[in-house]
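1. Turn this into a model:
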Amino acid sequence: MISSLSFPKVLRADDADETVMINVPYLATGGKVLNWKFPYSDDYFRQDPDVFNLELAKASMGLTVSAFRNNGKFLEDQYETYLSAAGFKGITPFGYDKPTGVDTLSGVVAYKTIDDFTLIAAVPCGQGYKNEWAGNLEVGY
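-> Numbering: from 1, shown residues only. Next up is the predicted model:
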């Protein structure tokens with residue numbers, strides 16, 4: 001039998017990180033720009049991972065929206081805005097400079113150190129990708 005225990009760090013009030021609200025513009029249908037604000041705090045990653053955290057879910061959605069491909073529109077590279085504001089380093093986009101196709105993928109990876117661990121953000125592009133995900137459904141030749 002294998003068991004594991006997770007003991008989240010207990011924060012004192014003066015240890016708590018400030019939650020920042022990160023603005024992520026999004027190009028909606030019809031060319032309308034919507035501005036959404038998403039929360040981010042390192043404290044989300046100090047909590048028990050077995051307990052649902054709505055604020056972490058919102059932060060994850062913000063990261064996802066920031067990686068959307070806008071196909072050459074003026075809102076490209078929002079992942080840089082989001083990840084920088086959240087304190088990530090080594091921000092490395094991939095595939096955005098290439099045409100989309102059945103066997104392609106675009107996205108971004110980055111990292112940051114929180115306490116004694118490294119948090120890695122790995123986000124595939126989730127919109128405007130055209131045929132990128134079509135290869136996922138191929139079976140055989």
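
2. Show me what the longest helix seen in the chain is packed against.
-> In terms of residue count, the longest helix belonging to the chain (DSSP state H) is helix 54-66. Contacts defined by 3 or more CB pairs under 8 Å, 6 or more residues apart in numbering; DSSP states H and E place helix 54-66 against strand 20-27, strand 33-40, helix 78-85, strand 117-124. Glycine gets a C-beta too; all of them are placed from N, C-alpha and C.

3. Neighbouring strands of whichever strand or helix holds Ile91 in the sheet, and parallel or not?
-> Using DSSP states H and E, Ile91 sits in strand 89-94. Its sheet considered, strand 89-94 pairs with strand 107-114 (antiparallel) by DSSP bridges.

4. buried sites along the partner strand?
-> Neighbour-count burial for strand 107-114, counted by 16 or more other CB atoms under 10 Å, picks out 107-110, 112.

5. could I get those as JSON lines with pLDDT?
-> Putting the buried residues of strand 107-114 into JSON lines (pLDDT from 0 to 100) gives the following:
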{"residue": "Gly107", "pLDDT": "87"}
{"residue": "Val108", "pLDDT": "92"}
{"residue": "Val109", "pLDDT": "95"}
{"residue": "Ala110", "pLDDT": "96"}
{"residue": "Lys112", "pLDDT": "97"}
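
6. Columns distance to Gly101 on top of those residues, output as a markdown table?
-> Shown next, in a markdown table, are these (distance: CB to CB, whole Å):
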| residue | distance to Gly101 |
| --- | --- |
| Gly107 | 15 |
| Val108 | 19 |
| Val109 | 21 |
| Ala110 | 25 |
| Lys112 | 32 |
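
7. List just the nearest of these to Gly87.
-> Proximity of those to Gly87 (CB to CB) peaks at Lys112, which lies at 5.3 Å.

8. ok, and the closest non-adjacent residue to that closest one?
-> Leaving aside its sequence neighbours, Lys112 sits nearest to Phe88 (CB to CB, 6 or more residues apart in numbering; 4.7 Å).

9. and that neighbour, what does it touch?
-> 110-112, 121 (CB atoms under 8 Å, 6 or more residues apart in numbering).
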